[in-house]
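**Q** task: produce atomic coordinates for the following.
(2 chains)
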Amino acid sequence: MAPIEIGQLEQVKDWLKARRPELTDIDVDLDLIENRIIDSLGFTEFLFFLEEVSGREITTDAQTVNLFRTLRSIRDNILTAQH
Amino acid sequence: MNAVQEEPDFDPAVHRLIDLSINTYYNPYTRFDWPDSLVDEQWWMSPDLLTVFDTPFMDTMSERELMALSKYETLNFYSLNIHGIRELMIEVTRRIHSPGYEHQSEFFHHFIGEENEHMWFFAKFCLKYAGKIYPDKSVKIDTGTLAPDIANFLVFTRITIFEEIVDFFNSRMAKDESLHPIIQEINAVHHQDESRHIAFGRQLMKQLHSDLSSRHGPEEMLAVGNYVNRYIEASIQSLYNPAVYRDAGIADPYRFRRELLQQPSRQRQHDRYLKRTKEFLDKSGLLPSENAYGAN
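**A** Numbers count the residues shown, from 1 in each chain, chains lettered A, B, ... in the order given. Got it, this is the predicted structure:
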């Protein structure tokens, strides 16, 4: 597993907070979908941002949506996944 | 599923569209004369439809670089069509011959058939001349909170808006003689069919919307309007694909994309694509006026 760059998770958090300014912090286990922090219409922009941060192209399908459900899962499955 | 309220002139209008479908039917599998290959160095998309148009990049990029970009942007455009058609076919198939869609089902047969054929020729083009279709990056996140009648309205609104944006590109490229005949022809044929689908979609949107406001409060109706505006924005953003910029040899595709989206001049182009759609939405009162696209 590639080491996660310091600050990547903070970058993701900041990106989400910029779109939901009423959030002061986002817990790593907060359900981003249930809490409507990400939704279908905003998903592709979020994905492109994650691609840029992680430095790799990310493929998606109906099953992979759960990988984006919490910041913890994004960190473990998207940001630290093998390049 | 909520029954669709019939507008008095809906049936005759649908029958006219069905007749047109039958009378202009063509065999898509024999309709086109596919050349064996297309040379890279040519315009694959009208230059004024490129995502760099009306920005300083039109001057800083060489014609060769712009032509390379046009190849991948046209592939992205066809790929978006393929994925969009898949979604609309699923949604229409889910509704055909189900309660509430008795008057629309005859047209749905033509719609599904024609859309299947469109998907075939777009995919054929991508695979024959580039060996790939850009993947669909969107994901359906269903929180299941929408009332069924609102969900139905939004399905056909998404379909119609998607078709209207696509049609702007099709009608422009169909007439652009600087493009290869196969590119012109694909766009012309699609434009011809889509004009019927758009006419139908607009009618159905009006019907589905007609009694929404009597059943739902202003807050819910505002949420519907916000959703439609966000859908329009997401559709426009999908034209800017980092994978396209990477394939066209642009060094930092994500940064390039961001820079393009931040160019004020690009808004002018988006307004061009959306002019007809926005006029329809405003005129038909389908969105609260304070909520109309561009007024945010």
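**Q** where do the helices of chain B begin and end?
**A** In chain B, the helices defined using DSSP state H lie at B:10-23, B:28-31, B:57-60, B:63-95, B:105-129, B:148-174, B:181-210, B:212-215, B:218-237, B:242-247, B:253-262, B:264-284.
**Q** adding mean neighbour count, write these out as JSON lines.
**A** C-beta: built from backbone N, CA, C; applies to glycine. Converted to JSON lines, the helices of chain B look like this (neighbours: other C-beta atoms under 10 Å in any protein chain shown):
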{"stretch": "helix B:10-23", "mean neighbour count": "14"}
{"stretch": "helix B:28-31", "mean neighbour count": "12"}
{"stretch": "helix B:57-60", "mean neighbour count": "12"}
{"stretch": "helix B:63-95", "mean neighbour count": "20"}
{"stretch": "helix B:105-129", "mean neighbour count": "18"}
{"stretch": "helix B:148-174", "mean neighbour count": "21"}
{"stretch": "helix B:181-210", "mean neighbour count": "20"}
{"stretch": "helix B:212-215", "mean neighbour count": "13"}
{"stretch": "helix B:218-237", "mean neighbour count": "17"}
{"stretch": "helix B:242-247", "mean neighbour count": "20"}
{"stretch": "helix B:253-262", "mean neighbour count": "16"}
{"stretch": "helix B:264-284", "mean neighbour count": "15"}
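**Q** A:T24: which of those is closest?
**A** Among those, the nearest to A:T24 by C-beta to C-beta is helix B:218-237 (23.7 Å).
**Q** tell me the angle of the closest one relative to helix B:181-210?
**A** Relative orientation of helix B:218-237 with respect to helix B:181-210: 180 degrees, computed using axes from the mean of the first three to the mean of the last three C-alpha atoms, to 10 degrees.
**Q** just the angle between helix B:218-237 and helix B:148-174, please?
**A** Relative orientation of helix B:218-237 and helix B:148-174, computed by the same axes, to 10 degrees: 30 degrees.
**Q** looking only at pLDDT, what's the mean for helix B:218-237?
**A** Throughout helix B:218-237, pLDDT has a mean value of 94.
**Q** ok, now stretch B:251-260?
**A** 97.
**Q** check whether it comes into contact with chain A.
**A** Yes: with C-beta under 8 Å from any C-beta of the partner chain as the criterion, chain A is reached by stretch B:251-260 at B:254, B:257.
**Q** only alpha carbons, please: show that stretch as PDB.
**A** The C-alpha trace of stretch B:251-260 is given here as PDB (Å, rounded to 0.1, in the frame of the first residue of the first chain):
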ATOM      1  CA  ALA B 251       0.500  18.400 -19.200                       C
ATOM      2  CA  ASP B 252      -1.700  19.100 -16.200                       C
ATOM      3  CA  PRO B 253      -5.200  18.100 -17.200                       C
ATOM      4  CA  TYR B 254      -6.900  18.900 -13.900                       C
ATOM      5  CA  ARG B 255      -5.400  22.300 -13.600                       C
ATOM      6  CA  PHE B 256      -6.200  23.000 -17.300                       C
ATOM      7  CA  ARG B 257      -9.800  22.000 -16.600                       C
ATOM      8  CA  ARG B 258     -10.100  24.300 -13.600                       C
ATOM      9  CA  GLU B 259      -8.600  27.200 -15.600                       C
ATOM     10  CA  LEU B 260     -11.100  26.700 -18.400                       C
END
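**Q** can you give the contact residues for it?
**A** Contact with stretch B:251-260 is made by A:48, A:51-52, B:51-52, B:55, B:57, B:240-246, B:250, B:266, as judged by C-beta atoms under 8 Å, 6 or more residues apart in numbering or on different chains.
**Q** thinking again about what came up before, which one, of the helices of chain B, ends up nearest to A:R19?
**A** helix B:218-237 (11.5 Å).
**Q** got the angle between the closest one and helix B:264-284?
**A** 140 degrees.
**Q** and the contacts of helix B:218-237?
**A** Against helix B:218-237 from outside (C-beta under 8 Å, 6+ apart): A:41-42, A:44-45, B:147, B:150, B:153-154, B:157-158, B:161-162, B:165, B:212-213, B:216, B:261, B:270, B:273-274, B:277, B:281, B:286-288, B:291-293, B:296.
**Q** which residue packs closest to B:E185, ignoring adjacent ones?
**A** Among residues not flanking B:E185 along the chain, B:F32 sits closest, at 6.2 Å (C-beta to C-beta, 6 or more residues apart in numbering or on different chains).
**Q** counting neighbours, what do you get for that neighbour?
**A** When counting by other C-beta atoms under 10 Å in any protein chain shown, one arrives at 16 neighbours for B:F32.
**Q** low-confidence ranges in the stretch 51-200 of chain B?
**A** Applying pLDDT under 70 to the stretch 51-200 of chain B flags residues B:143-144.
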